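K.L.:
build me a structure from this.
(3 chains)
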Amino acid sequence: MKWQHNEPFFWGLFGAGGVVSAFVAPALVLALGVLLPLGMGEPLNYERAQALFGHPLMALILWGVISLTLWHCAHRVFHGLHDLGFHPGAVARVFTYGVAAVITVTLPFALI
Amino acid sequence: MARQTYRPTMPKNWYLKNPFYTRYMIREATSVFVGLWMLNLTVGLWRLSQGEAAWQGWIDLQGEPWMILFSLITLGMAIYHTVTWFAIAPRAMPAVIAGKKVNPDLVGKAHWAGFVVASIVVLAILL
Amino acid sequence: MSDANVTIEIQRYHPETCPEPKFGRFEVPYHKEWSILDALQYVKEDLDGSVVYRWSCRMAVCGSCGMVINGTPKLACETFLRDFGPGSTITLEPLKNFAIERDLAVDLEDFVEKLERVKPFIVDAGAALKKPKKAQPPTTGVGEYRQTPLELSVFKQFTMCINCLLCYSACPQFGLNPKFVGPAALALAHRYNADNRDLGEEDRKAVLNTKDGVWSCTFVGYCSEVCPKHVDPAAAIQREKVNGMMDWGLSKLGGGE
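P.N.:
Residues are numbered from 1 along each chain as shown, chains lettered A, B, ... in the order given. Below is the predicted model:
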C-alpha cells in the first residue's frame, strides 16, 4: 500500500510530546513559572542558570522536552482548527508544525 | 422512487452542546497554554546565551504578576493534560506485550508513579 | 397500574407530510418497568400509527433501536421510564450525523458501505490454516485452528459490536467529515486485524491508512462512552494508528510496500 500522506509522522511526534509534557510539564511550570519567581528555592541567577542549563545532558533534555511539546501543541492546534469549523491548509501548517520545526532546529544554537 | 432524506447540519458550536465535548476541547486547548509557555522558556534559554543582563531581564519578566498568573493557568492546564493523557494512554497500548496481557489499570498506576518520580526529580534539580 | 404519565417528545420528519423536522408530543402512562421502546410501541399502537422507528430484539442484541434520548445516544430497549421518573419529559431524536429517512429511522447505507470496505470477516481462513502468521504449536485435526485464551483476549472485546451506531452519533469527527470511516467500522477492522487467524490486514490497510481512516480520529472518546457493549472503539483506533505509524516508518525505510 502506498502512503498518500505523512500523518503518522506528525501523530508520532504529537504522541511523544504528549507523553513528555504529561510527565514533566507540571513540575517544570511549577518550578520555573511559579515557585522560583515567588522567591522559593535557590535563586536562578546567571551563574546557576548557566551551570544548570549549560550541562550537555540538561541541554539535550530541554531540547527534547521543548521541541516535542511544541510538536504536540502544533498537532492539537492544527486539528483543533478543523474542530472549530476552519479547514486548515498550508498556512495553518506553517503556523503550527512550522513553528515547532523552526524551534526544533534553532533551539540547539541557544543551548550550546 | 428516489428517497428523500433530511440531513441535519452540525452546529458550529457543537462542542458547547455536550459537557463531554467541552471537556475534549479544553483538553485540546491545554496544549495552547503549555506550548506558549514552552515558547517563553525558549526565549529564556536564548536570553541566557546572550549574557547576564539579558538573562536577568527574562527572570524579572517571570516575576511580573501577569506572568505568574499565566504560569498558574498553564500549570492548571498542564495538570489537566496529564490527567486526560494518563486516562487514555493505557487504553491505546497494545493488548499484549512480550506475550503478556497488558493490565490497563496497572499501566495507569505506573504512569502516575512515574509522574511523581519525574516531578520530584524536576523540582529537586530546579529549586 | 399507574395514574402518572410521562411526556414523550418525538422528532418527526416525513418527506411528504412533515418536510421540516419538528417535535410531536405524546402522553404515555408511566410504568416503571417500561423501556423507551415499550413507550414507543404504546405511541404507535394507541396514539399515532405513523410514528417510524426501528426495533427488533428488545434486549440490546440486535442494535436496531439506537436513538438520541434526552441528548444522549442510547438504545431505546435498555433505557427505562424509571430512569427519568413519572411526570418527566423525554425527548427522542434520531441518531445524530446521519441523514434521516423518517422520524427516528436514519439512512444506514453509508455505514454498511464503509463496513463492507473494511472486510469484517476472517480473510482466507483456509490459507491461514496452512500458513499461520506467527510460529505456533502444530494444530491437530483437519480444519481446526487452535487459538489460546491470550490470542483471543487481544480482540474479544471488539467482537461485541452490534452495529447500533451510537458511536457514530457520538462522534463529532464523523459529523464534521462524513467520509470518516468511523468508530464501529474501524473497531471491527481492528478486531479482524488483531485476530491471528486472519490474513486480511494488507487489504484493510487501504482503508485504515487513508486520511478518512484512522487518521481522522482525534480521540474525543465519546464513542467509547456511549457504546452499550463496552467495545471501546477509540482504543481500537489508537492501536491501529500505532500499527499505521510502524507501517509508514517501514515504507519510508523501503521495508514496506
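
K.L.:
so which elements touch the longest helix anywhere in chain B?
P.N.:
Counting residues, the longest helix found in chain B (DSSP state H) is helix B:19-48. Under the contact criterion of 3 or more C-beta pairs under 8 Å, 6 or more residues apart in numbering or on different chains; DSSP states H and E, helix B:19-48 touches helix A:7-29, helix A:46-54, helix A:56-83, helix A:99-111, helix B:52-62, helix B:65-92, helix C:222-226. Backbone N, C-alpha and C define where each C-beta goes, glycine included.

K.L.:
quick one: it to helix B:52-62, angle?
P.N.:
160 degrees (axes from the mean of the first three to the mean of the last three C-alpha atoms, to 10 degrees).

K.L.:
helix B:19-48 to helix A:46-54, inter-axis angle?
P.N.:
Using the same axes, to 10 degrees: helix B:19-48 against helix A:46-54 is 120 degrees.

K.L.:
buried set for stretch C:49-61?
P.N.:
The neighbour-count criterion (16 or more other C-beta atoms under 10 Å in any protein chain shown) identifies C:51-55, C:58, C:60 as the buried residues of stretch C:49-61.

K.L.:
in PDB, list the C-alpha atoms belonging to that stretch.
P.N.:
Once non-C-alpha atoms are left out, stretch C:49-61 reads as follows in PDB (Å, rounded to 0.1, in the frame of the first residue of the first chain):
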ATOM      1  CA  GLY C  49     -49.600   4.800  13.900                       C
ATOM      2  CA  SER C  50     -47.400   6.900  11.600                       C
ATOM      3  CA  VAL C  51     -44.500   7.100  14.000                       C
ATOM      4  CA  VAL C  52     -41.500   5.400  12.500                       C
ATOM      5  CA  TYR C  53     -38.700   3.700  14.400                       C
ATOM      6  CA  ARG C  54     -36.600   0.600  14.100                       C
ATOM      7  CA  TRP C  55     -36.600  -2.200  16.600                       C
ATOM      8  CA  SER C  56     -36.300  -6.000  16.800                       C
ATOM      9  CA  CYS C  57     -34.900  -7.900  19.700                       C
ATOM     10  CA  ARG C  58     -35.900  -5.800  22.800                       C
ATOM     11  CA  MET C  59     -32.800  -6.900  24.600                       C
ATOM     12  CA  ALA C  60     -29.800  -4.900  23.400                       C
ATOM     13  CA  VAL C  61     -28.500  -7.500  20.900                       C
END
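
K.L.:
mind pulling up the pLDDT for the residue in chain A that chain C sits nearest to?
P.N.:
At 3.7 Å from chain C, A:Pro8 is the closest residue in chain A, using C-beta to the nearest C-beta. Listed pLDDT for A:Pro8 reads 96.

K.L.:
go on, the one 5 residues further on?
P.N.:
Reading off the confidence values, A:Leu13 has pLDDT 97.

K.L.:
find the nearest non-adjacent residue to it, please.
P.N.:
Nearest non-adjacent residue to A:Leu13, counting by C-beta to C-beta, 6 or more residues apart in numbering or on different chains: A:Trp71, 3.8 Å away.

K.L.:
how many other residues sit next to that neighbour?
P.N.:
Using other C-beta atoms under 10 Å in any protein chain shown, A:Trp71 has 28 neighbouring residues.

K.L.:
cheers, nothing more for now.
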